[in-house]
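# Sequence first, predicted model second:
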Amino acid sequence: MIYGHIQHQQVNQYLPEVILQALEFLNNQSLSELEDGRHDINGNLMFANVMTFDTVLSETKQAEVHKDYIDVQCLISGEETIQYCIESSNNQASTDYDQENDFFLVRNIENANQVTLQPNMFAVFFPGEPHKPGCTQQMPRTIKKVVIKVRKDLLKL
Ligand code: CU
């Protein structure tokens, strides 16, 4: 897990090139005007999913894990808490792996940490890292966010 602010170039310069490409896409958009749905950046290698929904209490949802794609999750408006934890064999899968959508769920995440995003902050989750986005600290609120899916092979090149 890595997190930061999309405009903090002095720190972001140390990120891998492919993550910088994702941040460049975000910085070149008027994020508040970006429509919900998928936006291609580099075909199936890198694309953005924009969504608007209400946050929920973390106890009411399960964490997700990906195998093939890195998530670059950026909040556009509202406030979002994301729980996450270190990959562990104690985090038992509660669903089968959905290959088409590249995820499975885990019910209990051990020693959960959390990060709270304000608009224009991002968090990166690598394949295998359980994360539970879309959570609220107190009251549910409507958020708009974008998740850039980055094929893991791009990071290894
Ligand atoms: Cu994810």
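Alright, I've got the coordinates.

# helices or strands next to the longest helix anywhere in the chain in the packing?
With secondary structure taken from DSSP state H, the chain has its longest helix at helix 17-27. Packing partners of helix 17-27 (3 or more C-beta pairs under 8 Å, 6 or more residues apart in numbering; DSSP states H and E): strand 37-42, strand 46-54, strand 69-77, strand 121-125, strand 142-151, helix 153-156. Just so you know, the C-beta spots here come from the backbone N, C-alpha and C atoms, and that holds for glycine as well.

# same thing but at 10 Å, please
Where contact means 3 or more C-beta pairs under 10 Å, 6 or more residues apart in numbering; DSSP states H and E, helix 17-27 is packed against strand 2-5, helix 9-12, strand 37-42, strand 46-54, strand 69-77, strand 121-125, strand 142-151, helix 153-156.

# now those in JSON lines, with distance to residue 112?
What follows is the helices and strands packed on helix 17-27, written out as JSON lines (distance: least, C-beta to C-beta, whole Å):
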{"stretch": "strand 2-5", "distance to residue 112": "15"}
{"stretch": "helix 9-12", "distance to residue 112": "25"}
{"stretch": "strand 37-42", "distance to residue 112": "29"}
{"stretch": "strand 46-54", "distance to residue 112": "21"}
{"stretch": "strand 69-77", "distance to residue 112": "16"}
{"stretch": "strand 121-125", "distance to residue 112": "13"}
{"stretch": "strand 142-151", "distance to residue 112": "20"}
{"stretch": "helix 153-156", "distance to residue 112": "25"}
